[in-house]
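> model the following, please.
(2 chains)
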Amino acid sequence: MEIPYTVSTRPDTGLWNAKVGIWLFLASEVMLFGGLFSAYIFLRIDAAPGTWPHGLLNVPVGTMNTAILIISSVTVVLAWAALKMRRYNAYWWYMLATITCGVIFLTVKLAYEWPQKFEHFGAFIKPDALAKYEQYLGNERRLEKGLEPRIQITGHLHSQNATEYEIALDPVNADPNNPAMDRPHFFPLPVTDKIATVEKADVQRATMFLPTHSAYFASYFTITGLHGLHVLGGVLVFTYMWLPVSKKLYQRNPEHLANRVEVSGLFWHFVDLIWIFVFPLFYLL
Amino acid sequence: MDSSASVETHHDPHSHADEHEHHELGFWRKYIFSTDHKVIGIQYGLCGLAFLFLGFCLMMMMRWQMAYPGQALPVIGKFLPHIFGPGSMPDGKMTPDFYNSLGAMHGTIMIFLGVVPLAFAAFGNFVVPLQIGAPDMTFPKVNAASFWAFAVGGAIMLISFFVPGGAAKSGWTSYTPLAGIADTGPGHNPVFNGQTLWLIGFIFLITSSLLGAINFITTIIQLRAKGLTWMRLPFFVWAQFVTAFLLLLAFPPLEAAIVMQLMDRVAHTSFFLPSGLVVNGVPMSISGGGSPILWQHLFWFLGHPEVYVLILPAFGIVAEILANNSRKPLWGYKSLVFSVLVIGFLSFIVWAHHMWLTGMGTAVSAFFQTTTLLISIPSVIILSAFFISLWGGSIRFNVPMLFTIAFLPMFGIGGLTGIPLAFNSADLYLHDTYYVIAHFHYIVAPGTIFGLFAGVYYWFPKATGRKMSEFWGKVHFWPTLICMNVIFLPMFLQGMAGMHRRWYDGGQGWGVANEHTIWGLTGFQWNVPISWAAWTMGLAQIPFIINFFWSIKHGEKVNDNPWEATTLEWTAPSPPPHGNFVTIPVAYRGPYEYSLPGRERDFTMQNEPVEPTERTRRKAPAEPVLA
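Below you'll find the model as predicted:
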C-alpha cells in the first residue's frame, strides 16, 4: 500500500504531505513559544522594582551565536538548493556546515554561557538593610535620577562562613555611583578584586545564577533550554540526512531527500526565528 | 517515510526475506505496533473505553463518601488500602487527601485519557480516512508514535496512584500555588510524586495529541478521494478537522505552562509562586515574583478549546447517525460547516470566563462575556439544525439513533444552563458550586458520551463485520439515560442552594447544605439518590461491556453497509483490509443523499455516478473534479 503524495505534489493543493505537516507543526511551536514568551511578559510586568536584572548576560557571545545560527540558515538553504540541482557533494559540504554551526551554538551555550552563570553569585538585600550597603548599591544617586533601585549585590562568591558572605564584586557594585554603570555594557566587565562583606542576616535570598535565582533566570534557562533542545533535535535530524544512509535514499529518489531537507530546513529556520526573539528579550532589553 | 520500502526491497539482495515479512506481519506488528489507522483507532478506542470506566469507578468511590461521609465503604473498602496504600482508605474510610486525589484524577482521566482519545483519536483514526476514501493516514508511523506517547502518558498517570503520597490532588486544573507546593516535603520523592508525575504524564499526552492533530489535518487536506470536494465532506470530517486545529493550537500553551510548573517543582523556580508565599506558617525559600494567575490563563487557554475538543467529534457522530436514521439529508449542511468553523475560532477567545473570580476588571470581563455569548450562537445553530433534520424524517429507532436522539435535549440542557455562568454577576454566586458540575457534565456525560456510545454502536459493524445486539443495546440505553438525569439534575438544585463542589464531607458539616429542603430533601440528603443513581448506572454499563466483546465473535453478521448509509466508509469491506478499499473510491455527490426522488433505493452513496437525467436536473458537473 502506498500513501499518495509523499514525494509528488497533489495537483489541487500543490503540496506534498510532509510540507503540510511541517507547517502545522510549526504553528503549534509558535503557540508553545508564544506561551513561554507571554509568561516572560507577565513576569516582567509584575516584577517588583529592581528584581528584573539587566546586563548579566554576555552580549558579544550572544551576538556571535546569533550570527552562527543565521549562517546555518543560509547553508541549509544552499544544501537544499544543491540537492535540487542534484549536486550531492555540494549538499554534503553545506549540510556539514549547518551541523557544525548547530554544534558550535550548543557548545557555546552549554559549555560556556550556562556554566559561567552557575559560578556567578547574587545576594538580594533585605529592604531595611539596603541603606547599610549603600556603598555597593548607589541608590541615593539612582533615586535622584529616577532610576529603579539596586537591591542585589553580585559577583563571585569569594568565601562564606556562618554569618557572612564575602563577594568579589562585579564592577556595577564596586563602582555603583559611576553613571557608566547605569546602563549595561556591550562587552562584559570582569569581576573586580574589591571584596564586599555581606551579613547573612541582611540577605533576603542569595544563590548562584541558577533557575531558582529569580524570575529572570527561571525564564532564561527554561526558554533557552527548550530552544537548545530544538537545536539539538535539528542537529540530530540533519546528521541523519548527512550520513551515508541518506545517500542511499538520494540514489533511489533524490527528490525525496530534497523534500526531507526542505521540511527540516523549515524547522531550522523556525528555530533561528525563535532565537531572534530570545536574543533581544534576554540579552538586550 | 516507509512508503517506498516495499518497492525498494527489489534492489536489495535480501529482498525475499524482507518482502515475506512485509506481507505477513507477525502478531506484534499487526495488532500491537501497527501503523494501520484502523488498528490504531481500535487501540485508542479500547484504551479510551477502559479509561472512561476507570474514571467512572473513581467517581463511584467518591459518591460513597459524599452520600455517607466518614462511613466505611462496604465490601471493597477493606481491599482498597492494599491497592492504594494505607493512607488512602484506612478501615475502608476515605481520607481527605485520597478524596482529593480521586477528584483530580477523575477529571484528568475522563477528559484527557477517556473522552479525547475516544472521540478524537479513536473515531477520527478509524473513520476519517475511510470517509474521505484514503488508504491510510498521511504519516502512519507518526500515527503509531502518537498512540504510544498516549500509552506512556496514561501509564504514568496510573503509576502516580501508587507512589508515596498518592496521585495528584490539586484538582484537574492544578491551580497554583496549591499545585506548586502539593506532594512535596517529607515522605515524597522529588520526582516520583503525584503532582510531578501528573505533569510529566501530561507532556506525553500533549505530544500524542500534537502528532495526532498534525496527521488528521494533513490527511484531510491531502488524501481526500477524487471528487470529494470540501463541501462534499461528511460533517464528521469537518468536526474532526476543526477539533484537530483546536488541539494543535491550544495544547502548546498548556505544555509551556506545564514545563514551567515542572520547573517550579523540580528546579525550584517561581513561575507561578508569588513573592512572600507562606506555607503552614513558614515563609517558603523561593525567589518569588511569579504569578498564580498566569497559570490560570495558560491553563484555560487550553481548557476552553478543550471543551470543544470534547463536544465537536460528538456533533460529528450525531450528524452522521441523524441523517442516516431519519433517511433525509442533514438540514443546513453549509450552516453546520460554517458554525463549526466559527466555534473553532471563537473558542480561542473565551477562556477567561473560567476566571471571573480572579477580578480581571470590568473591561476584560465585558470582552469575555461578549465572546462567550457569541459562541452560543453557532452552537444553537448546530443544535437547531439537528432538531430540524428530524422533522419529516422516516426515523429508525435503532440503538445508535436512540443515543443520538437522547444527545440532543441533554446537550441542550447542558448548553442553556451554561448561559448564566457566562455572566460575570451570576457566576460570582454559582462559581465552584454543584451547578457548574451539573452544567458541564450534561454536556460531556449525557452529551459527548452518548454521542460516543452512538458511534460505537454505529461503526461497530464496519470494524468487525458484525452488529452489536439491539436488545442489549436498549437495555444499556434506557437505564443509562434515566440514571444520568437522576445524577445531574439534582446537582443544579444543590448548586443553586450554594453547595460547593469540593466538599470532602458532601456538605454534612455545612449549614447551607442542611438548613433548607429542596423538594423534600436537604442539599446534603440529595447526595444519597444521586449516588445510588451513579452506582445503578455503573451496573447499566455491564450489558454494554458484555455486548461489545460478545458481538466481536458472535454478533449478527452483516453486509458492508448494514445501515444503508451514503458515505464512503460503507463502500469498503467490513472489516476493511490494509489499504482500505478494493477499488479507489471516487466521489460524485454530497454526503447525505437520502431519499433522492426518482431512485429505487432511499439512499444514494457518494460514489454512485450522477446519471445523465439527474445531471440536467441538478446541474452537477459531468466529470468529477479533483477535490
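
> any idea how chain A splits into domains?
By the assignment in automatic domain parsing, chain A contains the domains A:19-47+A:54-117+A:214-284, A:120-206.

> for the last one, what is the distance to the chain centroid?
This points to domain A:120-206. 25 Å (C-alpha atoms, centre = their mean, to the nearest Å).

> what's the end-to-end length of it?
Start-to-end span of domain A:120-206 (C-alpha to C-alpha, to the nearest Å) is 11 Å.

> mean confidence for it?
Mean pLDDT, domain A:120-206: 92.

> what do you get for the longest one?
With pLDDT averaged residue by residue, domain A:19-47+A:54-117+A:214-284 scores 96.

> for that domain, measure first residue to last.
For domain A:19-47+A:54-117+A:214-284, the first-to-last residue distance is 35 Å (C-alpha to C-alpha).

> that one and chain B in contact?
Yes - Domain A:19-47+A:54-117+A:214-284 is in contact with chain B by C-beta under 8 Å from any C-beta of the partner chain, via A:20-21, A:24-25, A:27-29, A:31-36, A:38-39, A:42-43, A:46-47, A:214-215, A:218-219, A:221-222, A:226, A:252-253, A:256. Where you see a C-beta, it was placed from the backbone N, CA and C, and this is true even at glycine.

> any weak-confidence spans in chain B?
Counting by pLDDT under 70, chain B shows low-confidence ranges at B:1-23, B:615-627.

> and for B:Ser376, the neighbour number?
Residues contacting B:Ser376 under the criterion other C-beta atoms under 10 Å in any protein chain shown number 16.

> residue contacts, it?
B:Ser376 makes contacts with B:Gly415, B:Gly418, B:Ile419, B:Ala422, as judged by C-beta atoms under 8 Å, 6 or more residues apart in numbering or on different chains.

> repeat the analysis, applying 7 Å as the threshold.
The contact partners of B:Ser376, taken as C-beta atoms under 7 Å, 6 or more residues apart in numbering or on different chains, are B:Gly415, B:Ile419.

> quick check: it vs B:Leu428, distance?
Separation of B:Ser376 from B:Leu428 (C-beta to C-beta, to the nearest Å): 20 Å.

> and for B:Ala213?
From B:Ala213 over to B:Leu428 (counting by C-beta to C-beta), the distance is 36 Å.

> phi, psi of A:Thr154?
phi -120, psi 160 (degrees, to the nearest 10).

> I'd assumed A:Asp170 was in contact with it.
Yes - using C-beta atoms under 7 Å, A:Thr154 is in contact with A:Asp170, at 4.7 Å.

> of the two, who's got more company?
The neighbour count for A:Thr154 versus A:Asp170, taken as other C-beta under 10 Å, is higher for A:Asp170 (26 against 21).

> with chain B as the reference, measure out to that one.
19 Å (C-beta to the nearest C-beta, to the nearest Å).

> contacts only, for that residue.
A:Thr154, A:Gly155, A:Val191.

> confirm that the second one sits in a strand.
What it means is A:Gly155. Yes - the assignment for A:Gly155 by DSSP: H, G, I helix; E, B strand; the rest coil puts it in a strand.

> contacting residues for it?
A:Phe121, A:Ile167, A:Ala168, A:Leu169, A:Asp170, A:Asn173, A:Val191.

> 10 Å instead?
Taking C-beta atoms under 10 Å, 6 or more residues apart in numbering or on different chains, we find A:Gly155 in contact with A:120-123, A:136, A:165-174, A:191-192, A:194-196.

> circling back to that earlier point, most tightly packed of the domains of chain A?
Each of the domains of chain A was scored by mean neighbour count; the highest is domain A:19-47+A:54-117+A:214-284, a mean of 19, by mean count of other C-beta atoms under 10 Å in any protein chain shown.

> how far is that one from where the chain is centred?
11 Å.

> what number of residues lie near the nearest residue to B:Ile381 once chain neighbours are set aside?
Among residues not flanking B:Ile381 along the chain, B:Ser339 sits closest, at 4.5 Å (C-beta to C-beta, 6 or more residues apart in numbering or on different chains). Taking other C-beta under 10 Å as the criterion, the count of residues near B:Ser339 is 22.
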